[in-house]
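Chemist: Requesting a structural model of the entry that follows:
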Amino acid sequence: MVNILLVSHSHQLAQGVAELVRQMAPSDTVKIAVAAGIGEGNQELGTNAAEIMEKLIELQSPDGILVLMDLGSAVLSTDMALEMLEDDQKANIRMCPAPFVEGAIAAGVQANMGADLDAVYREAMSALLAKQEQIAPGSATPAEPAQPAPSPEAADQSEFTVVVSNASGLHARPAAVFAKTISSYDAKVNVTNLSENKGPLLINGLIAVMLLAAKKGDTLRIQAEGRQKTEVLAALAELFRNNFGE
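Modeler: Have a look, this model is predicted:
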């Protein structure tokens, strides 16, 4: 699994973001570490290149490490930390300029789905699209174009429609569960928000789900194709029946 390092001037901020990620993407395999603050108990504002280096060594993984930083000198300190590492230690470490909070959550969900470092990086970089679409509808463009939904006549395609019953719609937590569930099956899932005329979107991560802007009462068409299309649709239907545990 890809691990994640949060580099911030504020220890409290970084710990809070780490807790958000763990709530959205609980995992025993994705490690999330914090290198933040300076001074006694890391309570002063600042960043420490030596601590960043130590955390990068602790997080070493064959799948790689994604590093998110809050402000300019956090980037400089991370650069210094990378320079202290041996070439083989830093070969699979990626610094990511995504927004600190949204990027960390998107990256955490994607990493928890077993995605590779490139996919985790791309998802983090798309993290503001859902907020952009919510504030300025029609202005967000996915970083990767969604694959078109299979035609209704396709032999390898199944679908169902469902009305969203969650009081808050498919907000971040149920959206993360939705994406994670799909990743467990050998199938591709496209979703269209029929009420808002959004989609179809290929659901390949948290951001794709949130771009649907699915609120309570919206009707979704969920289409699946692939070897486990029946199983994934059954699992998704169960999520809706149980209101995603809310």
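
Chemist: Next one: Q134, what pLDDT does it get?
Modeler: As predicted, Q134 sits at a pLDDT of 79.

Chemist: Would you quantify the distance from the residue nearest to it when sequence neighbours are not counted to V75?
Modeler: Excluding the flanking residues, the one nearest Q134 by Cβ to Cβ, 6 or more residues apart in numbering is A213, at 6.3 Å. Quick note: C-beta positions are derived from backbone N, CA and C, even for glycine. Distance, A213 to V75, using Cβ to Cβ, to the nearest Å: 32 Å.

Chemist: Mind checking which of these two has more residues around it?
Modeler: Applying other Cβ atoms under 10 Å to A213 and V75 shows that A213 carries more neighbours, namely 19 against 16.

Chemist: one step back: need the contact list for the residue nearest to Q134.
Modeler: 130, 133-134, 137, 169, 193, 196, 198 (Cβ atoms under 8 Å, 6 or more residues apart in numbering).

Chemist: how close does the spatially most central residue of the chain get to N197?
Modeler: When the chain is reduced to its mean C-alpha position, the nearest residue by Cα atoms, centre = their mean turns out to be A106, at 2.2 Å. Per Cβ to Cβ, A106 is found 24 Å from N197.

Chemist: end to end, how far does stretch 218-232 reach?
Modeler: Using Cα to Cα, to the nearest Å, one end of stretch 218-232 lies 21 Å from the other.

Chemist: Please spell out which residues along it are buried.
Modeler: Going by neighbour count (16 or more other Cβ atoms under 10 Å), the buried part of stretch 218-232 is 218, 220-226, 229, 232.

Chemist: Could I have the ChimeraX command that selects the buried members from the contacts of A213?
Modeler: To isolate the buried members of these in ChimeraX, using 16+ other Cβ under 10 Å:
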select :130,133,169,193,198
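
Chemist: before we move on, back to that, checking the residue nearest to Q134 next. Helix, strand or coil?
Modeler: coil (DSSP: H, G, I helix; E, B strand; the rest coil).

Chemist: now V189
Modeler: strand.

Chemist: To what extent is it buried, counted in neighbours?
Modeler: Neighbourhood size, V189 [other Cβ under 10 Å]: 27.

Chemist: Touching, it and I182? I think so.
Modeler: Yes. Here V189 lies in contact with I182, judged by Cβ atoms under 8 Å, at a distance of 5.0 Å.

Chemist: what touches both of those two?
Modeler: Common neighbours of V189 and I182 (Cβ under 8 Å, 6+ apart) are 203, 232, 236.

Chemist: Just send these back as CSV, with distance to G37 and pLDDT too.
Modeler: Converted to CSV, the shared contacts of V189 and I182 look like this (distance: Cβ to Cβ, whole Å; pLDDT from 0 to 100):
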residue, distance to G37, pLDDT
I203, 37, 95
V232, 43, 96
L236, 42, 96
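
Chemist: of all those residues, which comes closest to T161?
Modeler: L236 (11.6 Å; Cβ to Cβ).

Chemist: quick one: contacts for the closest one?
Modeler: With Cβ under 8 Å, 6+ apart, L236 has these contacts: 178, 181-182, 189, 222.

Chemist: Just flag the most distant two among these.
Modeler: T181 and I222 (11.4 Å).

Chemist: Neighbours of S158, how many?
Modeler: S158 has 17 nearby residues by other Cβ under 10 Å.

Chemist: ditto for Q89
Modeler: By other Cβ under 10 Å, neighbour count at Q89 equals 15.

Chemist: list the contacts for it?
Modeler: Per Cβ under 8 Å, 6+ apart, neighbours of Q89: 56-57, 60.
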